[in-house]
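Visitor: Give me a 3D structure for the following:
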Amino acid sequence: MIAAKPIDIRTKLKSYLDIAFNGEPVVVSRKGNRNVVIVSEAEYNELAKAKRKEEYKESLERSIRQVEEGKTITKTMEELIAMED
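Guide: This next block holds a predicted model:
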């Protein structure tokens, strides 16, 4: 991981974008610890995918707990069809 100041990013943007594109994250230091990270689109997509998977896993675990705790409602197919009308 490489750290850079905003002034350096402005003057050497292409270089830092190339670094990020080649797989090395670039941390842009900002006042008040409001830093940002530049990553390639491929890296971003992998991070977003991992986040979605984790959220889905948590949702499944919540559902499993609800089933185990008896907090579900069971309907027959006939009851579901009747609800349509």
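
Visitor: Could you use CA atoms for every contact and neighbour count after this?
Guide: Fine.

Visitor: how does this structure divide up, domain by domain?
Guide: Taking automatic domain parsing as the criterion, the chain consists of the domains 1-39, 41-85.

Visitor: deepest of those, which one?
Guide: Compared across these, domain 1-39 shows the largest average neighbour count, a mean of 14 (mean count of other Cα atoms under 10 Å).

Visitor: The protein: strands as residue ranges?
Guide: 2-4, 26-28, 36-38 (DSSP state E).

Visitor: tell me the mean pLDDT over stretch 51-69?
Guide: Confidence over stretch 51-69 (mean pLDDT, whole number) is 97.

Visitor: what's in contact with it?
Guide: For stretch 51-69, the external contacting residues (Cα atoms under 8 Å, 6 or more residues apart in numbering) are Thr72.

Visitor: now swap in stretch 24-39 and tell me
Guide: Identification of contacts with stretch 24-39 by Cα under 8 Å, 6+ apart yields 1-6, 9, 16-17, 19-21, 23, 40.

Visitor: Recalculate using a threshold of 6 Å.
Guide: With Cα atoms under 6 Å, 6 or more residues apart in numbering as the test, stretch 24-39 has contacts from Met1, Ile2, Ala3, Ala4, Lys5, Ala20.

Visitor: In contact with the third one: list those residues for me.
Guide: When you say that, I think you mean Ala3. Contacts were defined as Cα under 6 Å, 6+ apart; by that measure Ala3 touches Val26, Val27, Val28.
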